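*Asks:* what's the 3D shape of this:
(chains A and B)
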There are 2 protein chains.
Amino acid sequence: MLRVPYNDLYAALLRATEHLGLAGDRAALCARLFAETTCDGVYTHGLDRFPRFAEMVANGSIDVNAEPTRVAGNAAGAATLAIERWNGNLGPGNLNAYATMQHTIALARRYGLGGVALANTNHWMRGGSYGWLAADAGLFVMCWTNTLANLPPWGASTPAVGNNPLVIAVPRPNGAHVVIDMAMSQFSYGALSAYAARGQQLPVPGGYNLSGNLTTDPAAIEASKRALAIGYWKGSGLSLVLDMLAAMLSGGNAAHDIPLESTRESGVSQVFLAIDPSSFAPAEELDRIATGILDSLRAATPIDPAKPVRYPGEQTLHLRQENLRLGVPVNPETWQKLQTLSF
Amino acid sequence: MLRVPYNDLYAALLRATEHLGLAGDRAALCARLFAETTCDGVYTHGLDRFPRFAEMVANGSIDVNAEPTRVAGNAAGAATLAIERWNGNLGPGNLNAYATMQHTIALARRYGLGGVALANTNHWMRGGSYGWLAADAGLFVMCWTNTLANLPPWGASTPAVGNNPLVIAVPRPNGAHVVIDMAMSQFSYGALSAYAARGQQLPVPGGYNLSGNLTTDPAAIEASKRALAIGYWKGSGLSLVLDMLAAMLSGGNAAHDIPLESTRESGVSQVFLAIDPSSFAPAEELDRIATGILDSLRAATPIDPAKPVRYPGEQTLHLRQENLRLGVPVNPETWQKLQTLSF
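*Replies:* Below you'll find the predicted structure:
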């Protein structure tokens, strides 16, 4: 595995975003989000995703110059609403989501609770980025996106719902936030193909084979296109309602409206909610309660004594620190393409 | 199976709630919530749950006279916060949750988005009730509760997280709301014992046996106390963050603080969020988007042609109509106890 210093990765990504037509702060932020995602160990949505991002700029799915605009909400100076509706104008999904989370944070600072529904945006890459962003500001976050329809709903053999990733973040002191960032499918198609490439079986059933039986064989699920939602009927229902909220609140596309081709998956809908606890919850109380919960988690008996029970986000922080120290692991072929701007 | 007319069920429950010390509107609302839950087919949290409710009144876990009080939020007339913190004062969980959802609705009417964190309350019985309530008012809802620690977190063999039910409701015309009401465990212990009593295996693995292997044998899971979270590591993490939000935002108990004995499971924490779309989303647009999503769901190919794909809440509405027409199914023994006030 090749490791490159974080700053080299960022510099190469910056040159690449500028090559795609982004400029100034927007190029820098877009590069930083890709670099941080890679550094945090979410390789599928970091550098490895950049070639598809470039392809979607080239095919017109992403407009590098577009920024989100407010469609409904408070007029300047007239404060009544803690929720707003924005249009992403098909701008870069990570820049749109970052800007929208900043608007959401501003609403939460003003009202204690704030929300934005965003239509007509693009894949936000790693959703967790926006959870970490708001948690760094001391806020609680829930946000989610819809996707193309890639999951069969419970009881069906053909796809009709998205895997609609959901992010929930809990702020803690010193950046040790608890952040969950999970799609509603047990495994992404990216994860299935990675298992298949390594010749491995899945650790738990991840979908159905062509005979309609649950299987741990990733290739069989790729063949049937019948990936499984978490919790069978439960994740299927959860995915459906998250799609309804995203599309209805934003006035944008639902999962079934989104093009099915992965390089044309554009015009998605998202919801961002944030809570600023500072006006009603003392910091000492927040820390005491969170510490108690995490201590209780660690006190559970591990199945494997060598593997202590972890909280969501713990591994992210660990990988981030390790990768900053040792260099960020990159796919040599993608790294080469990035440096030669050939994607 | 015995069926009784809805009005008879309600009248018997009213007499019973009055017998427990509730009076006037509070007795009537408490009886109605139990009756509607039974009529909607959620039998485990309707009449069948009433004896435990009575026992918890008797053992002092529930104070029938207590009402929620505001701890933090807007002072009278001074509007700044769309989120408030309340104390349930250990009142009846269904009355507390109903009142809290009404406060949440009022905040959402004012700010577009409203939230209440409620500490020190009791089991809300059917969480979906508060989703249906707000959806009837045209609002979107997310609400959740923590519970006693009844689930091993991922990687552990002993319980440390609750199954923390989550409710999401999407309003639709004519009461045909989409409502998901789901615990983070694949099956509740109540469901496991019902399968075991019928001598049935679970349709999918619901936990681990004493040897540490996944099993569909409900009795083996009852023996190991290792029920499974939905989606393995995913539901475990989701349950943890829902507990953190509930306890930290309300300043109340986390799952690990709640007494482990089921008849002493008191002092839980809950979060209620509601969105009033009327200021930014035209009703016609909301209906068009929701109809499109549900049509797309129904267009998926059913695995069993005799079983069309359903949305969450569809069966509830169907059962409600059927039970109003034919009478509400009741357990004859519990019905007898209710009529003789012997619980």
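*Asks:* Check for me that residue A:194 belongs to a strand.
*Replies:* No - membership of residue A:194 in a strand is not supported by DSSP: H, G, I helix; E, B strand; the rest coil, which gives helix.
*Asks:* Quick check: it vs chain B, distance?
*Replies:* When distance is defined by C-beta to the nearest C-beta, to the nearest Å, residue A:194 is 17 Å away from chain B. Where you see a C-beta, it was placed from the backbone N, CA and C, and this is true even at glycine.
*Asks:* Residue A:49 now?
*Replies:* Distance, residue A:49 to chain B, by C-beta to the nearest C-beta: 21 Å.
*Asks:* Kindly report the same for residue A:206.
*Replies:* Residue A:206 sits 10 Å away from chain B, taking C-beta to the nearest C-beta as the criterion.
*Asks:* How about the residue nearest the centre of chain A, nearest residue that isn't a chain neighbour?
*Replies:* Centroid-nearest residue in chain A: residue A:127, 1.9 Å away (criterion: C-alpha atoms, centre = their mean). Take residue A:127 and drop its neighbours on the chain: the residue closest to it by C-beta to C-beta, 6 or more residues apart in numbering or on different chains is residue A:167, 4.4 Å away.
*Asks:* these two touch, right, that neighbour and residue A:126?
*Replies:* No - under the criterion of C-beta atoms under 8 Å, residue A:167 is not in contact with residue A:126, lying 9.1 Å apart.
*Asks:* Need the overlap of contacts for these two.
*Replies:* residue A:181 (C-beta atoms under 8 Å, 6 or more residues apart in numbering or on different chains).
*Asks:* List of residues touching stretch A:199-206?
*Replies:* Under the contact criterion C-beta under 8 Å, 6+ apart, stretch A:199-206 has outside partners A:186-187, A:192, A:195, A:214-218, A:221, A:227-228, B:214, B:232.
*Asks:* returning to that earlier point: before we move on, what SS does the residue nearest to residue A:127 have?
*Replies:* In terms of secondary structure, residue A:167 is strand; the call rests on three-state DSSP.
*Asks:* For it, list the residues it contacts.
*Replies:* The neighbours of residue A:167, taking C-beta under 8 Å, 6+ apart as the test, are A:127, A:128, A:130, A:131, A:141, A:142, A:143, A:144, A:179, A:180, A:181, A:182.
*Asks:* partner residues bridging it?
*Replies:* The bridge-partner assignment for residue A:167, based on DSSP bridges, gives residue A:143, residue A:181.
*Asks:* Tell me how many other residues surround residue A:198.
*Replies:* Other residues within reach of residue A:198, judged by other C-beta atoms under 10 Å in any protein chain shown, total 9.
*Asks:* so how far is chain B from it?
*Replies:* Going from residue A:198 to chain B by C-beta to the nearest C-beta gives 19 Å.
*Asks:* Now do the phi/psi pair for that residue.
*Replies:* phi -90, psi 0 (degrees, to the nearest 10).
*Asks:* Ok, residue A:151 next?
*Replies:* In this entry, residue A:151 is assigned phi and psi values of phi -130, psi 130 (degrees, to the nearest 10).
*Asks:* Pull the contacting residues for residue A:47.
*Replies:* By C-beta under 8 Å, 6+ apart, the contact list for residue A:47 reads A:9, A:13, A:34, A:35, A:38, A:330, A:331, A:334, A:335, A:338.
*Asks:* Give the rounded mean pLDDT of the host helix or strand of the last one.
*Replies:* If you go by DSSP states H and E, residue A:338 is part of helix A:332-339. The average pLDDT for helix A:332-339 rounds to 94.
*Asks:* Of all the residues in that helix, which ones are buried?
*Replies:* Residues A:334, A:335, A:337, A:338 are the ones in helix A:332-339 that count as buried (16 or more other C-beta atoms under 10 Å in any protein chain shown).
*Asks:* Count the neighbours of the nearest residue to residue A:315 once chain neighbours are set aside for me.
*Replies:* With C-beta to C-beta, 6+ apart as the measure, residue A:41 is the residue that lies nearest to residue A:315, at 7.2 Å, once sequence neighbours are left out. Summarising burial for residue A:41: neighbours were counted as other C-beta under 10 Å, giving 18.
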